[in-house]
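Undergrad: After the sequence you'll find the predicted model.
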Amino acid sequence: MTGHWLALYTFGQFGYRADHPRVDLFHTAEPGVWAAMERAEGFIARSGYEDEPGTESWGEQVFPKYWTDNGDGWAPSTISLWQNLESALAAVYRGLHAEILKQGHLFMQEAADYPPYVLWWVPEGHQPDWAEAVERHEYLGDNGPTTRAFTFKSAFDPAGKLVTANGAAARQIAERNRLRADVPRAVQ
């Protein structure tokens, strides 16, 4: 269905301060993960962060009610926009991002009391800010998946119909992303 983009907000909490050596793995991997995401099929855009150079922040960064400040005033969170469920699914659960997710137990707290991410549809051209993303995240945590805020496992299309992400299509996209990552950037 055209005319809509899929918004994805992720939120997690480090088990240590952001400057702790155990978190170095995350910080070392982050630039490569973002580069892979930005090259991924179906990627539209992402928010940057106010205090970092590069991609512009989509408003003042705020954190959900689940956030516990561990003394550094920071928590890993993202906002990105995608063309469809399958392209976002491929980028999140395959490739470099999936590799770092598998190692998250080394430096992240387990998200037992809150969802690790939320999905929702926005009109094409709409850029959600951090406050909108956090509101959707908290809504999912309070109400479970609905047309307003959902997950890959309980997803809806822009018209509000319950849908299932096409896993085979996501795997094909992930393979194309992998092949694309093997091609030098100047050739792409």
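TA: Perfect, thanks for sending it.
Undergrad: Check the burial of Val118 by counting its neighbours.
TA: 26 (other Cβ atoms under 10 Å). C-beta: built from backbone N, CA, C; applies to glycine.
Undergrad: sec struct for it, please.
TA: Under the three-state scheme (DSSP: H, G, I helix; E, B strand; the rest coil), Val118 adopts strand.
Undergrad: Quick check: it touching Phe152?
TA: No. Look at Val118 against Phe152 with Cβ atoms under 8 Å: they stay out of range, at 10.5 Å.
Undergrad: Return the worst-scoring helix or strand of the chain on mean pLDDT as CSV; C-alpha atoms alone will do.
TA: Sorting the helices and strands of the chain by mean pLDDT, DSSP states H and E puts helix 95-102 at the bottom, at a mean of 82. Taking Å, rounded to 0.1, in the frame of the first residue of the first chain, the C-alpha atoms of helix 95-102 are listed here in CSV:
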residue,chain,number,x,y,z
GLY,A,95,23.2,-8.9,8.8
LEU,A,96,25.3,-6.8,11.1
HIS,A,97,22.5,-5.6,13.3
ALA,A,98,21.5,-9.2,14.0
GLU,A,99,25.1,-10.0,14.9
ILE,A,100,25.3,-7.3,17.5
LEU,A,101,21.8,-8.2,18.8
LYS,A,102,23.1,-11.7,19.5
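Undergrad: which helices and strands does that helix pack with?
TA: Where contact means 3 or more Cβ pairs under 8 Å, 6 or more residues apart in numbering; DSSP states H and E, helix 95-102 is packed against helix 24-39, helix 85-93, helix 167-182.
Undergrad: That helix: which residues count as buried?
TA: By 16 or more other Cβ atoms under 10 Å, the buried positions in helix 95-102 come out as 95-97, 100.
Undergrad: pLDDT weak spots in the chain?
TA: Applying pLDDT under 70 to the chain flags the ranges 1, 111, 182-188.
Undergrad: hmm, which two among the buried residues of helix 95-102 are most spread apart?
TA: Pairwise distances across the buried residues of helix 95-102 (Cβ to Cβ) peak at 9.8 Å, for the pair Gly95 and Ile100.
Undergrad: Return the member of the buried residues of helix 95-102 nearest to Met108.
TA: Nearest to Met108 among the buried residues of helix 95-102, with distances taken as Cβ to Cβ, is Ile100, at 9.9 Å.
Undergrad: how near is the nearest residue to that closest one once chain neighbours are set aside to Ala112?
TA: Nearest residue to Ile100, sequence neighbours excluded (Cβ to Cβ, 6 or more residues apart in numbering): Ala29, at 4.7 Å. Here Ala29 is placed at a distance of 24 Å from Ala112 (Cβ to Cβ, to the nearest Å).
Undergrad: now swap in Glu175 and tell me
TA: As judged by Cβ to Cβ, Glu175 and Ala112 stand 33 Å apart.
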